[in-house]
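Student: I'll drop the sequence and a predicted model, then ask my questions.
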Amino acid sequence: MASTMLFSFAVSYFFILRLAAGELLGAKDAHWQPATATWYGSPDGDGSDGGACGYGSLVDVRPLRARVGAVSPVLFKNGQGCGACYKVRCADPSICSRRAVTVIITDECPGGYCASGRTHFDLSGAAFSRMAVAGRDPELRNRGEISVLYRRTPCKYRGKNVAFHVNEGSTEYWLSLLVEFEDGDGDIGAMHIKPSTSTEWQEMKHIWGANWCIIGGPLAGPFSVRVTTLSTQRSLSARDVIPRNWSPKATYTSRLNFI
């Protein structure tokens, strides 16, 4: 009996040690998925400006700076994958650390490595380099395409609330909004708007990337905006977030966020 208990204790202790060393996948790691990755832009840079999500110069400044990436269509989801956050970790321990980088989806890579239904990340040079063992980032970049593991992770924009950028060209008959700094899921599955002249929420149309629009009019502010995430169908309603005297190219910040 004593020997059986001792054996059981030894087995349990062995597994605890393996868990502590990260060698045994627990429940929290069960959703790591295989993919491939490349990098673009300058070796230590933030990737290219703008991108297929429409974030423009936001990709070059904090909190997005150097934490961005393009993804293949399977993750881009015709633009509804914009804003989602992922942890990406290099799968080759000979040159990479166990450290994962967190990236925000700001662009699409539709061809090449990203074609044929593949799950692929095209990361900024800075994000790609961070996966390497210290001092070996040039060697990692020289490999081109590498195998990685990835998983979704909540987006966190400390000190930021959800903001709505009024796109250039918007009028009182065609209003287009870009959503910024969405904590949590990061993605958008639906948007609704309520003008001051209505008591009903009106559905907005997804046009491209993280951009949505409504056609009608004349559309009179202030406007309340409701965002519903794609992943978990959570909703956030920002009351009168866009003022009566709104203007194109202006950004209006709410007092709310998902986390």
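Tutor: That came through fine.

Student: contacting residues around stretch 210-222?
Tutor: When contacts are defined by CB atoms under 8 Å, 6 or more residues apart in numbering, stretch 210-222 is touched by residues 53-55, 79, 82-83, 167, 171-180, 188, 191, 193, 195-197, 202-207, 240-246. All C-beta atoms are positioned from the backbone trio N, CA, C, and that covers glycine.

Student: With stretch 225-243 instead?
Tutor: Residues outside stretch 225-243 that contact it (CB under 8 Å, 6+ apart) are 77, 80-81, 84, 152, 162, 164, 166, 177, 179, 182, 184-194, 196, 201, 221-224, 252-258.

Student: Now do the contacts for the residue nearest the centre of the chain.
Tutor: In the chain, the residue lying closest to the centroid (CA atoms, centre = their mean) is residue 84, at 2.4 Å. If a contact means CB under 8 Å, 6+ apart, then residue 84 has 75, 104-105, 152, 155, 185-187, 231 as its contacts.

Student: sorry, back to before: and the contacts of stretch 225-243, which of them are buried?
Tutor: With burial judged by 16 or more other CB atoms under 10 Å, the buried subset of these is 77, 80-81, 84, 152, 162, 164, 166, 177, 179, 182, 184-194, 221-224, 252, 254, 257-258.

Student: Among those residues, which lie within strands?
Tutor: Cross-referencing those against strands under DSSP state E gives 152, 164, 166, 177, 179, 190-194, 223-224, 252.

Student: Adding distance to residue 128 and pLDDT as columns, could you present these in a markdown table?
Tutor: Listed next are those as a markdown table, based on distance: CB to CB, whole Å; pLDDT from 0 to 100:
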| residue | distance to residue 128 | pLDDT |
| --- | --- | --- |
| 152 | 19 | 96 |
| 164 | 31 | 97 |
| 166 | 34 | 97 |
| 177 | 32 | 97 |
| 179 | 27 | 94 |
| 190 | 33 | 97 |
| 191 | 32 | 98 |
| 192 | 38 | 98 |
| 193 | 38 | 97 |
| 194 | 43 | 95 |
| 223 | 40 | 97 |
| 224 | 40 | 97 |
| 252 | 34 | 97 |
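
Student: Save these as TSV, and put in distance to residue 109 too.
Tutor: Below are these laid out as TSV (distance: CB to CB, whole Å):
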residue	distance to residue 109
152	19
164	27
166	28
177	25
179	22
190	26
191	25
192	31
193	31
194	36
223	34
224	36
252	31
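
Student: which among those residues gets closest to residue 129?
Tutor: residue 152 (22.6 Å; CB to CB).

Student: List the contacts of stretch 248-259.
Tutor: 154, 156-157, 160-170, 180-185, 225, 229, 234, 236, 238, 241-243, 246.

Student: Can I get the buried part of those as one ChimeraX selection?
Tutor: If you want just the buried ones from those in ChimeraX, going by 16+ other CB under 10 Å, the selection is:
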select :157,161,162,163,164,165,166,167,170,180,181,182,183,184,185,225,229,236,238,241,242,246
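
Student: residue contacts, residue 209?
Tutor: By CB under 8 Å, 6+ apart, the neighbours of residue 209 are 51-55, 79, 82, 178.

Student: before we move on, back to that, return the subset of the contacts of residue 84 lying in helices.
Tutor: residue 75 (DSSP state H).

Student: Can you tell me which of the contacts of residue 84 lies closest to residue 118?
Tutor: Residue 118 lies nearest to residue 75 out of these, by CB to CB, at 10.1 Å.

Student: Let me know the pLDDT of that closest one.
Tutor: Predicted confidence (pLDDT) for residue 75: 96.

Student: Can you show me the strands along the stretch 1-150 of the chain?
Tutor: 33-40, 68-71, 85-90, 101-108, 120-124, 146-152 (DSSP state E, counting those that start in this stretch).

Student: would TSV of the ones you listed with distance to residue 131 be doable?
Tutor: Output for the strands of the stretch 1-150 of the chain, formatted as TSV (distance: least, CB to CB, whole Å):
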stretch	distance to residue 131
strand 33-40	8
strand 68-71	12
strand 85-90	4
strand 101-108	6
strand 120-124	9
strand 146-152	8
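
Student: what about those, which gets the closest to residue 134?
Tutor: Per CB to CB, nearest to residue 134 of the strands of the stretch 1-150 of the chain: strand 85-90, 13.4 Å.
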